[in-house]
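**Student:** Give me the fold of what follows.
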Amino acid sequence: MKARYNDLDEYIADLKAEIAENEQCANHYYNLGLALLTKRDFIAAEEAFLNAVRNSPHLAEGYVQLGGICLERGDLDGCLRYNEEAANCRAKFPVPWSNIAFVHLQRGEPDKAITALNKALKWDPNFVQAQNALATAYFMKGDIKACEAQCLSIIKKEPAFAPAWNNLALAYFDQSEFAKAKEAADKAQELGFEVSEGFLEELKSHC
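**Tutor:** Numbers count the residues shown, from 1 in each chain. Now for the predicted structure:
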């Protein structure tokens, strides 16, 4: 393998050549999967990641990638199953716990999401995506004050994290603090977040 490649196809070809010489190297399969994901070749990437975990059953990152491919095709059950496998392989790995929470949020199960997110944040307290997902879970559960407090905590540390501003806007709106909601929504948009058109229309009718 070269130290640097200027062409992704050349890198993929070299990985395949290495695999042909050593079909038991999980790392080569994993790296091949990542390269194929870059090309958005999900079918070939899935095969590569499956080969990676066959050769290294405790490769948690491989299961996470397989879960991501399941999510890409709308298979929430598969996404959940693979991320649970990743968490079983390495309990202190925060990413699969966050992904497990995402599936629960998609299914409208905030309590299960909160349980998984608390595990993610136990192992990585600065995992901002998990922090924001926790705010979403609180909002979904109807604990608006907790959502607001969570968003403000994120923004204090990461003022440019747009999704937290969006969640804060929702929390303010739900508490009829429409001016604050508009300010937070404007900030989310300024930072590049696509705020729901329906929500923006509702805001206009109150501001």
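**Student:** Check the gap between the most centrally placed residue in the chain and E190 for me.
**Tutor:** By C-alpha atoms, centre = their mean, the chain has its centre lying nearest to N99, at 5.7 Å. From N99 across to E190, the span is 29 Å (C-beta to C-beta, to the nearest Å). For the C-beta atoms, the positions are set from N, CA and C on the backbone; glycine is no exception.
**Student:** try A45
**Tutor:** 35 Å.
**Student:** Then P96?
**Tutor:** 33 Å.
**Student:** Neighbour count: those two, which is higher?
**Tutor:** P96 (27 against 11; other C-beta atoms under 10 Å).
**Student:** Quick check: the more buried one touching R81?
**Tutor:** No - in this structure P96 lies outside contact range of R81 using C-beta atoms under 8 Å: 10.9 Å.
**Student:** what residues are shared contacts of those two?
**Tutor:** Residues touching both P96 and R81 (C-beta atoms under 8 Å, 6 or more residues apart in numbering): G67.
**Student:** got a list of contacts for stretch 130-149?
**Tutor:** Residues contacting stretch 130-149 (C-beta under 8 Å, 6+ apart): 94, 97-98, 101-102, 105, 108, 110-111, 113-114, 117-118, 120-121, 124, 150-151, 153-154, 161, 163-164, 167-168, 170-172, 174-175.
**Student:** And for stretch 54-64?
**Tutor:** For stretch 54-64, with C-beta under 8 Å, 6+ apart as the criterion, the contacting residues are 23-27, 29-30, 33, 49, 52-53, 82-83, 85-87, 89-90, 93, 95-96, 99.
**Student:** what about that stretch, how long is it end to end?
**Tutor:** 14 Å (C-alpha to C-alpha, to the nearest Å).
**Student:** State the mean pLDDT of stretch 20-35.
**Tutor:** Averaged over stretch 20-35, pLDDT sits at 95.
**Student:** heads up, I number from 634, so please use that
**Tutor:** Happy to do that; since the first residue is 634 now, the last one works out to stretch 653-668.
**Student:** which residue ranges form the helices in the protein?
**Tutor:** 641-654, 659-671, 675-688, 693-705, 709-722, 727-739, 743-756, 761-774, 777-790, 795-807, 811-823, 830-837 (DSSP state H).
**Student:** Same list (these) but as CSV, adding distance to K635.
**Tutor:** Formatted as CSV, the helices of the chain follow (distance: least, C-beta to C-beta, whole Å):
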stretch, distance to K635
helix 641-654, 7
helix 659-671, 13
helix 675-688, 19
helix 693-705, 23
helix 709-722, 30
helix 727-739, 29
helix 743-756, 35
helix 761-774, 33
helix 777-790, 40
helix 795-807, 38
helix 811-823, 42
helix 830-837, 48
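**Student:** nearest spatial neighbour of the residue nearest to the centre of the chain, skipping sequence neighbours?
**Tutor:** Distances taken as C-beta to C-beta, 6 or more residues apart in numbering put N716 closest to N732, at 4.3 Å, once the chain neighbours are dropped.
**Student:** Where does pLDDT dip in this protein?
**Tutor:** The chain contains residues with pLDDT under 70 at 634.
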